[in-house]
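[1] Predicted model, plus sequence, below.
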Amino acid sequence: MGKYFGTDGIRGKANEKLTASLALKVGEALALIDEKDVIIAGDTRVSTDMLISAVCAGALSVGKNVILAGKVSTPCLMFASRHFHTIGIMITASHNPYYDNGIKVVKYGKKILNDEQALIENYIDGNITINKSNIGEIKQALVTEEYIKYLKSLNVKSDLKIAIDAANGATYKLAEDVFSRYGAYITNNCPDGYNINNNVGSTHLESIINTTKGKYDLGFAFDGDGDRIMVVDKNGYIYDGDKILYVLANYFAKKNKLNKKTVVLTKMCNLGIINSLKDINIDVDVTDVGDKYVLESMEKNDFSLGGENSGHIITPYSNTGDGILVGLLILMVLDEEKKTLEELTKTIEMYHDKMVNIPVNNKAIINNDELNNRIKEIENDLGKYGKVILRASGTENLIRVSVMAKDQEVQLKYLDELVSMVNNLNQEG
């Protein structure tokens with residue numbers, strides 16, 4: 001990670017860490033990246049308009065022509081960046097609360113390279129100067145229309161009753177445009193700048209469960225910027241990214257679309273999914289946590305499917321996570337297989353797994369020797385029937401503790417112990 005760029009762009013509390021002046025400099029720094037045009041979009045946070053305006057002004061001041069895409073999802077912006085062969089800027093903090101925001105910089109539909117991030121950071125710090133002899137213009141392009149046109153070209157058929165939780169975020173209008181043809185019921189699609197992800201969406205599934213249970217066949221929940229999806233069925237069962245990946249992997253393998261019969265998962269994936277994939281002769285490549293590492297493995301090894309249990313899933317149809325697209329693919333699978341998600345996943349034996357997010361003053365706690373020695377002891381005890389993951393959030397002052405085990409009593413015992421250790425270390429300062 002750089003000084004400003006984290007694992008997923010620049011992120012922080014709006015008007016504090018992430019200010020209009022910082023956003024202006026990012027816009028100006030685009031002069032250091034090839035391509036004349038830049039597409040700028042954002043989610044529905046109250047601070048998004050301010051940051052879009054600042055990035056836009058900076059880009060125009062260095063001769064970049066700007067296409068304003070409005071409030072659309074990250075996958076839509078990524079598609080447009082690739083389709084129109086431009087730089088793309090997405091203003092979003094994904095699943096974070098409304099008071100946070102972020103700036104993602106992409107090029108041709110992919111995150112910019114580390115060298116390009118370094119150029120932007122050096123300009124922000126005043127180490128590089130830029131010639132401002134040219135002024136750009138605001139241009140028009142059918143950004144949303146081209147994205148929806150692409151999704152509809154998949155010709156997905158479905159007679160299922162669907163409910164959608166748009167998280168009061170960036171999919172609030174796109175979800176209606178795409179899923180209305182299936183008669184879907186759209187909820188949490190009235191953003192006010194403050195209600196994005198507020199007890200709704202893919203990180204708060206109670207809302208979509210209550211909406212779906214007993215009334216709809218399926219419920220899709222997106223996150224604030226629309227690159228994740230979680231699914232529930234009419235019985236209230238939850239299908240996270242791991243289970244969705246299992247269903248898609250099985251389907252793509254039958255269609256000869258699963259390159260090298262391998263799925264890319266992260267260290268956070270459930271061990272039960274790995275075993276179940278091996279049972280159907282599908283290999284697994286495990287990476288560090290983060291869609292960045294999933295995509296790196298997919299590109300390096302020519303794999304076609306990968307993702308995270310959080311619902312960020314990259315398919316043969318896109319090089320980024322896309323909740324709406326994955327929702328359509330799920331409908332496609334169910335229509336062709338003539339089975340329910342419950343039937344398609346009934347052979348999976350999930351390990352007991354739980355993650356606790358612990359607010360801390362200093363994320364360096366994860367380097368504590370006593371803590372890490374105890375983790376090694378626990379891992380030795382669990383052996384192949386469990387695992388422990390301790391990591392710092394890349395965007396918040398949190399340490400995430402996760403324990404997975406085949407035996408739930410063992411799993412909860414070790415989780416409670418590690419959470420207590422982290423809390424005690426935090427109190428000790």
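    Noted; the coordinates are in hand.
[2] Give the buried residues for the helix or strand where T144 lies.
    Take DSSP states H and E as the rule and T144 turns out to sit in helix 143-152. Of all the residues in helix 143-152, those buried under the rule 16 or more other Cβ atoms under 10 Å are 143-144, 147-148, 151. Just so you know, the C-beta spots here come from the backbone N, C-alpha and C atoms, and that holds for glycine as well.
[3] Contacts for the next helix or strand after it, please.
    Scanning forward in sequence from helix 143-152 by DSSP H and E, the next helix or strand is strand 162-165. For strand 162-165, contacts defined as Cβ atoms under 8 Å, 6 or more residues apart in numbering pick out 175, 179, 182-189, 200-202, 207-208, 211-212, 215-222, 327, 331.
[4] Counting neighbours, which of these end up buried?
    Buried among these by 16+ other Cβ under 10 Å: 175, 179, 182, 184-189, 200-202, 207-208, 211-212, 216-222, 327, 331.
[5] in stretch 123-141, what's buried?
    123-124, 130, 136, 141.
[6] Kindly report the same for stretch 288-306.
    Neighbour-count burial for stretch 288-306 [16+ other Cβ under 10 Å]: 289-291, 293-295, 297-298, 303-306.
[7] now the helix holding T144: mean pLDDT?
    Averaging pLDDT along helix 143-152 gives 95.
[8] And the furthest pair within the buried residues of stretch 288-306?
    Pairwise distances across these (Cβ to Cβ) peak at 20.8 Å, for the pair V289 and S304.
[9] can you pull the contacts of the residue of the chain positioned farthest from its centre?
    Farthest-out residue of the chain from its mean C-alpha position, per Cα atoms, centre = their mean: S133, at 38.1 Å. By Cβ under 8 Å, 6+ apart, the residues touching S133 are G63.
[10] And for G323?
    G323 neighbours (Cβ under 8 Å, 6+ apart): 73, 75, 171, 202, 220, 222-223, 226-229, 311.
[11] Those into JSON lines, with extra columns for secondary structure?
    Below are those laid out as JSON lines (DSSP: H, G, I helix; E, B strand; the rest coil):
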{"residue": "S73", "secondary structure": "coil"}
{"residue": "P75", "secondary structure": "helix"}
{"residue": "T171", "secondary structure": "coil"}
{"residue": "S202", "secondary structure": "coil"}
{"residue": "F220", "secondary structure": "strand"}
{"residue": "F222", "secondary structure": "strand"}
{"residue": "D223", "secondary structure": "coil"}
{"residue": "G226", "secondary structure": "coil"}
{"residue": "D227", "secondary structure": "coil"}
{"residue": "R228", "secondary structure": "coil"}
{"residue": "I229", "secondary structure": "strand"}
{"residue": "G311", "secondary structure": "coil"}
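[12] Just the closest of the residues you listed to S276, please.
    Using Cβ to Cβ, these come closest to S276 at G311, 18.0 Å.
[13] so that closest one makes contact with D223?
    Yes - counting by Cβ atoms under 8 Å, G311 touches D223, with 7.5 Å between them.
[14] more neighbours, those two?
    D223 (34 against 27; other Cβ atoms under 10 Å).
[15] Could you report the pLDDT at M1?
    pLDDT, M1: 60.
[16] With the one 3 residues further on instead?
    According to the model's per-residue confidence, Y4 sits at a pLDDT of 87.
[17] Of the buried residues of stretch 123-141, which pair is most distant in space?
    I124 and A141 (28.0 Å).
[18] tell me what the longest helix anywhere in the chain is packed against?
    Scanning the chain for the helix with the most residues, using DSSP state H, yields helix 408-428. Helix 408-428 sits against strand 352-359, helix 369-382, strand 386-392, strand 398-405, with contacts defined as 3 or more Cβ pairs under 8 Å, 6 or more residues apart in numbering; DSSP states H and E.
[19] list the buried ones in that helix?
    410-411, 414-415, 418-419, 421-423, 425-426.
[20] Test my guess that I196 contacts Y98.
    Yes - I196 is in contact with Y98 according to Cβ under 8 Å; the separation is 5.1 Å.
[21] roughly how far is stretch 254-272 from the heart of the chain?
    18 Å (Cα atoms, centre = their mean, to the nearest Å).
[22] What mean pLDDT does that stretch get?
    94.
[23] So for that stretch, what gets flagged as buried?
    258, 262-266, 268-272.
[24] Helices - which of those land there?
    Per DSSP H, the buried residues of stretch 254-272 map to helices at 271-272.
[25] Of the buried residues of stretch 254-272, which is the nearest to V55?
    T266 (30.3 Å).
[26] Can you tell me how far the closest one is from S133?
    Distance, T266 to S133, using Cβ to Cβ, to the nearest Å: 46 Å.
[27] name the element the closest residue to K152 other than its chain neighbours belongs to?
    Nearest residue to K152, sequence neighbours excluded (Cβ to Cβ, 6 or more residues apart in numbering): V178, at 7.5 Å. Assigned by DSSP H and E, V178 falls within helix 174-179.
[28] now the angle between helix 143-152 and the helix or strand where M78 lies, please.
    Assigned by DSSP H and E, M78 belongs to helix 74-83. Taking axes from the mean of the first three to the mean of the last three Cα atoms, to 10 degrees, one finds that helix 74-83 is oriented at 100 degrees with respect to helix 143-152.
[29] Sheet partners, orientation included, of whichever helix or strand comes after helix 74-83?
    Using DSSP H and E, the helix or strand that directly follows helix 74-83 along the chain is strand 87-91. According to DSSP bridges, strand 87-91 forms sheet pairs with strand 37-42 (parallel), strand 100-107 (antiparallel).
[30] possible to save those strands as TSV with mean neighbour count and mean pLDDT?
    Listed next are those as TSV, based on neighbours: other Cβ atoms under 10 Å; pLDDT from 0 to 100:
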stretch	mean neighbour count	mean pLDDT
strand 37-42	26	97
strand 100-107	24	96
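[31] from memory N96 sits against G394, does it?
    No - look at N96 against G394 with Cβ under 8 Å: they stay out of range, at 11.2 Å.
[32] between these two, which one's more packed in?
    N96 (23 against 15).
[33] For the more buried one, what is the enclosing helix or strand?
    Short version, using DSSP H and E: N96 is in no helix or strand.
[34] how about it, phi and psi?
    With angles defined as degrees, to the nearest 10, N96 sits at phi -70, psi 160.
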